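1. Provided below are the primary sequence and the corresponding predicted coordinates.
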Amino acid sequence: MRLTQPLPSFLASSLAHEQPQCLLRGTSPVASGMNFFLELWKTKGRIMSMIAAYYKNKSILITGATGFMGKVLMEKLLRTSPDLKVIYILMRPKAGQTLPQRMLQILSSKLFEKVKEVCPNMHEKIRPIYADLGQSDLAISKEDMQELLSCTNIIFHCAATVRFDEPLRHAVQLNVTATQQLLLMASQMPKLEVFVHISTAFSNCNLKHIDEVIYPCQVEPKKIIDSMQWLDDAIVDEITPKLIGDRPNTYTYTKALGEVVVQQESENLNIAIIRPSIVGATWQEPFPVSPAPGPQAGLHVDLLLAQTSSCPSSFSSHEMLDKGVLLAGVSLGWVDNLNGPSGLIIAAGKGLLRSVKAAPMAVADLIPVDTVVNLTLAVGWYTAVHRPQSTLIYHCTSGNLNPCNWGKMGLQIMASFEKIPYEKPFRRPNADFTTNTFTNQYWKAVSHWAPAIMYDLYLQLTGRKPRFTKLMNRLSKTLSMLEYFVNHSWEWSTSNTDMLMLELSPEDQRVFNFDIRQLNWLDYIENYVLGIKKYLLKEDMSGIPKARQQLKKLRNIHYFFNTALFLITWRLLIARSQMARNVWLFIVSFCYKFLSYFRASSTLKA
Ligand SMILES: CCCCCCCCCCCCCCCC(=O)SCCNC(=O)CCNC(=O)[C@H](O)C(C)(C)COP(=O)(O)OP(=O)(O)OC[C@H]1O[C@@H](n2cnc3c(N)ncnc32)[C@H](O)[C@@H]1OP(=O)(O)O
Ligand SMILES: NC(=O)C1=CN([C@@H]2O[C@H](COP(=O)(O)OP(=O)(O)OC[C@H]3O[C@@H](n4cnc5c(N)ncnc54)[C@H](OP(=O)(O)O)[C@@H]3O)[C@@H](O)[C@H]2O)C=CC1
């Protein structure tokens with residue numbers, strides 16, 4: 001650390017608060033000026049995370065904590081700031097479970113295993129509060145509301161409907177009206193320090209280049225909210241396409257409206273907006289693996305195997321996988337829902353998905369969920385401590401710093417299936433991207449529908465319930481919903497995110513790492529495929545050798561089928577066409593001549 005460097009503002013801002021503490025801790029009392037700063041910088045840099053310290057003794061309100069991102073956010077908060085006061089969770093009962101039962105199930109999941117070590121009383125830190133964001137008043141009881149208003153210091157608003165086909169009325173209620181209600185609540189919270197709103201990088205996907213600003217909507221969100229009160233469903237459905245305009249769905253449209261609402265209601269509030277792109281499985285946490293050195297780089301799964309002590313190091317990765325020793329309590333790529341790419345990766349791995357209409361050169365702007373969560377927590381800290389004059393927007397994207405395109409990602413996914421095959425595949429995984437609509441329709445008919453119909457026929461004939469055509473219908477719907485995002489590229493400016501990175505202490509850059517440049521796509525995709533197998537499909541790793549055998553069998557069937565098809569077609573052609581017969585005679589005589597020449601020359605040599 002050179003003394004000539006300007007002090008980062010995180011240090012400057014905390015000096016007033018930290019100075020006496022540092023002196024007490026034994027930092028040289030004579031240290032003054034730059035020496036004092038240096039001491040403090042070193043102390044901070046080595047042992048303290050400013051961000052983690054900020055959340056100490058805080059009462060934090062999270063919406064959407066039962067969702068994919070919310071769970072990871074809750075986990076990281078509890079793990080890095082076990083001294084936080086309380087986390088209020090606005091949630092609803094689901095699947096016959098009460099709030100405490102639901103929360104208990106979440107906290108006892110694998111994701112929270114590490115938290116148990118640092119925060120054994122984590123159950124006491126969580127306070128589930130009944131709320132339904134689908135209701136105009138959020139259905140929070142008076143007593144709960146009282147407590148929330150008087151105690152909350154920080155709000156993370158993650159809840160939303162992320163369904164692309166959500167009817168506009170419902171999407172407006174959840175993504176716009178509920179946000180407005182929460183902001184109203186926030187404005188009555190005397191202890192509130194920051195409100196972090198999670199939006200999406202695609203809220204302005206009708207633009208090619210997206211800046212860190214809130215773009216106005218054609219119709220004022222307040223007018224939309226009002227009109228939803230009195231318009232009937234049929235009219236709402238009719239005007240939906242006109243309202244969403246050049247956006248692909250109600251989700252992106254209502255998330256954009258939500259941002260405008262945040263801007264309009266943010267007058268006296270300290271607010272920040274985060275816009276993540278396509279959120280994928282965890283990358284580094286909470287199940288880390290050490291980086292692969294030298295020639296092993298790019299082979300995290302192999303490294304994991306090599307780290308497994310029960311395994312002789314001379315085994316190759318495949319040998320070790322064969323022995324089923326993978327992941328004895330170690331796991332990566334945590335994911336728990338089918339949204340975004342996860343559902344399609346499963347469909348591809350099971351051999352159901354064979355063709356996707358996508359631009360292979362379009363940027364695949366995937367971002368790991370732990371990166372988004374790290375940025376969210378850093379933003380919460382920065383906004384509360386620095387209180388920027390205007391609402392700052394943070395793009396959490398990968399495309400500008402570490403781009404990967406869909407073509408490359410598709411190949412990496414396919415390569416991962418070779419190493420980590422999924423069990424009981426319908427067909428050999430072999431998905432491909434095509435830009436041409438006609439080619440895509442052809443492959444869908446030949447590779448999706450024809451095998452599904454044939455297989456269902458077989459199931460029916462053998463007295464079983466057909467299910468593949470239903471699955472294909474579902475897959476087609478999902479594909480049609482997601483295709484927009486794999487056929488376009490966007491550019492997001494990231495100056496606020498870059499600025500924040502520079503504001504972090506070295507320790508915070510490590511603990512709350514959101515530097516996507518460090519991500520190795522090959523490792524990440526491999527771990528993602530592995531995480532899906534483990535956490536979503538709940539397949540046993542010891543079944544990998546059998547799954548590989550199955551793939552081999554399917555590959556042989558594929559070769560046999562193609563050869564048989566070729567021979568039959570050829571035979572039919574020869575029987576019907578003089579030209580085909582001539583070609584055939586030419587090939588046969590050519591082969592005969594070549595063989596005779598070869599035999600003659602080898603006899604001469606002998
Ligand atoms: C080679 C590999 C290529 C990879 C290529 C990746 C491209 C990947 C681009 C992503 C681009 C996102 C970019 C925006 C990122 C945000 O900002 S938003 C967050 C992402 N949001 C989403 O992904 C939501 C998308 N999903 C939906 O909108 C709806 O689920 C769908 C697709 C319209 C389906 O609706 P539905 O037919 O009514 O089905 P739904 O009731 O949801 O579920 C029915 C069944 O399907 C299952 N299911 C639900 N979703 C899915 C899914 N995505 N897949 C499969 N099954 C699903 C459910 O589990 C359920 O199963 P059961 O419980 O019946 O057994
Ligand atoms: N996943 C992604 O790819 C991306 C997500 N985002 C944004 O990130 C945020 C979190 O997304 P993600 O975690 O993936 O989404 P999930 O669908 O996994 O989670 C949504 C959360 O919202 C809650 N919720 C939905 N409806 C209600 C309701 N009526 N009352 C109370 N709670 C409700 C859900 O609760 P319940 O469990 O009860 O259903 C759940 O906790 C969203 O704002 C989303 O727009 C942005 C970019 C990409």
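-> Nice, I can see it. Ligands and ions are numbered 1, 2, ... in the order given.
2. All the helices of the stretch 351-500 of the chain, residue numbers only.
-> With helices called from DSSP state H, counting those that start in this stretch, the stretch 351-500 of the chain shows them at 369-386, 406-419, 437-443, 450-461, 468-486, 495-503.
3. any idea which of those is most buried?
-> Stretch with highest mean neighbour count among those: helix 369-386 (a mean of 25; mean count of other C-beta atoms under 10 Å). No exception for glycine: its C-beta is placed from N, CA and C like everyone else's.
4. does that one come close to ligand 2?
-> No - legend: contact between helix 369-386 and ligand 2 by C-beta under 6 Å from any ligand atom is lacking; minimum distance shown is 7.7 Å.
5. what's the angle between that helix and helix 495-503?
-> Computed by axes from the mean of the first three to the mean of the last three C-alpha atoms, to 10 degrees, the angle separating helix 369-386 from helix 495-503 equals 80 degrees.
6. closest one to ligand 1 among the helices of the stretch 351-500 of the chain?
-> With C-beta to the nearest ligand atom as the measure, helix 468-486 is the member of the helices of the stretch 351-500 of the chain nearest ligand 1 (3.6 Å).
7. and the helices of the stretch 351-500 of the chain as JSON lines, adding mean pLDDT?
-> Compiled in JSON lines, these are given as follows (pLDDT from 0 to 100):
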{"stretch": "helix 369-386", "mean pLDDT": "98"}
{"stretch": "helix 406-419", "mean pLDDT": "96"}
{"stretch": "helix 437-443", "mean pLDDT": "92"}
{"stretch": "helix 450-461", "mean pLDDT": "94"}
{"stretch": "helix 468-486", "mean pLDDT": "95"}
{"stretch": "helix 495-503", "mean pLDDT": "97"}
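8. Which among these is found nearest to Arg510?
-> helix 369-386 (10.3 Å; C-beta to C-beta).
9. mind showing which ranges of the stretch 451-600 of the chain have poor pLDDT?
-> Residues of the stretch 451-600 of the chain meeting the criterion pLDDT under 70: none.
10. if we go to 80?
-> 558, 598 (pLDDT under 80).
11. quick one on the thing from earlier: need the helices of the stretch 351-500 of the chain in TSV with distance to ligand 1, can you?
-> Compiled in TSV, these are given as follows (distance: least, C-beta to the nearest ligand atom, whole Å):
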stretch	distance to ligand 1
helix 369-386	11
helix 406-419	5
helix 437-443	13
helix 450-461	15
helix 468-486	4
helix 495-503	17
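12. Need the ones you listed in JSON lines (columns: distance to Val279).
-> Listed next are these as JSON lines, based on distance: least, C-beta to C-beta, whole Å:
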{"stretch": "helix 369-386", "distance to Val279": "5"}
{"stretch": "helix 406-419", "distance to Val279": "15"}
{"stretch": "helix 437-443", "distance to Val279": "26"}
{"stretch": "helix 450-461", "distance to Val279": "30"}
{"stretch": "helix 468-486", "distance to Val279": "12"}
{"stretch": "helix 495-503", "distance to Val279": "15"}
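13. For His395, which of those helices is the nearest?
-> Proximity to His395, assessed across the helices of the stretch 351-500 of the chain by C-beta to C-beta, is greatest for helix 495-503 (5.9 Å).
14. can you give me the offset of that closest one from its chain's centre?
-> Centroid separation for helix 495-503 versus its chain: 22 Å, with C-alpha atoms, centre = their mean, to the nearest Å.
15. give me phi/psi at the single nearest residue of the chain relative to ligand 1?
-> The minimum distance from the chain to ligand 1, using C-beta to the nearest ligand atom, falls at Gly343 (2.0 Å). Main-chain torsions, Gly343, degrees, to the nearest 10: phi -60, psi -40.
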